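**Student:** give me the fold of what follows.
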Amino acid sequence: MRQFLKKWISSLKPINMLQTLTVPPKYTRSLICSGRSIAPTYCGVKIRGFHVGGVEIPSDKRILYSLQYVPGIGRARAHQILCDLNIENKITKDLFGKELIAIEDEVSKYIISDDLRRVNVHDIGRLKRIQCFRGMRHMEGLPCRGQRTKTNSRTAKGEEGSICMKADYHMEVSPSQRA
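**Tutor:** Below is the predicted model:
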């Protein structure tokens, strides 16, 4: 693997080796693809997808749906990003390098992926610390948005034993009691 990487780096033929080391990864992708990101292979290496917000998005889908693979970006926010940048909803592999960089910069303005998970965990931890109703429900593993728990919420409460097993347990009679 190491020999492959050395051969691949030497085949890139940058202006100088310092340029290769100092250019951030999102800009190297546009350098590799010469402004277009449609090249399925480059020096024998297949380009399958693009990284946006720390997540690899598929290159064979439209950008509106590809952006939804990033946690924290839904349909409405993906549409808003495309409208803000005036980019039409093309297939991801047909985007230019400049468009991909603009999308990455726009996506980085939002709380996404690991930051979003960290914020959610912090918020739930705060609710548990102050011991409010929602925090107590989180600690007990029960629904905290008003759903009924008498008959539903089996996922939260865990699996219940069957009625037959309970009946056998309570009806168990010792031999001395039978007579």
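**Student:** any idea how far residue 120 is from residue 138?
**Tutor:** 11 Å (Cβ to Cβ, to the nearest Å). Yep, even glycine has a C-beta here, placed from its N, CA and C like the rest.
**Student:** who has more neighbours out of these two?
**Tutor:** For residue 120 and residue 138, the more surrounded residue by other Cβ atoms under 10 Å is residue 138, and the numbers stand at 16 against 12.
**Student:** could I get the phi/psi values of that one?
**Tutor:** phi -60, psi -40 (degrees, to the nearest 10).
**Student:** any idea how far residue 125 is from it?
**Tutor:** 9 Å.
**Student:** repeat for residue 94
**Tutor:** 43 Å.
**Student:** do the same with residue 58
**Tutor:** Counting by Cβ to Cβ, the gap between residue 58 and residue 125 amounts to 34 Å.
**Student:** please name the nearest non-neighbouring residue to residue 70.
**Tutor:** What sits nearest to residue 70 in space, not counting adjacent residues and going by Cβ to Cβ, 6 or more residues apart in numbering, is residue 53, at 4.4 Å.
**Student:** so what's that neighbour up against?
**Tutor:** Contacts for residue 53 were tallied using Cβ atoms under 8 Å, 6 or more residues apart in numbering; they are 70, 72, 73, 104, 107, 108, 112, 113.
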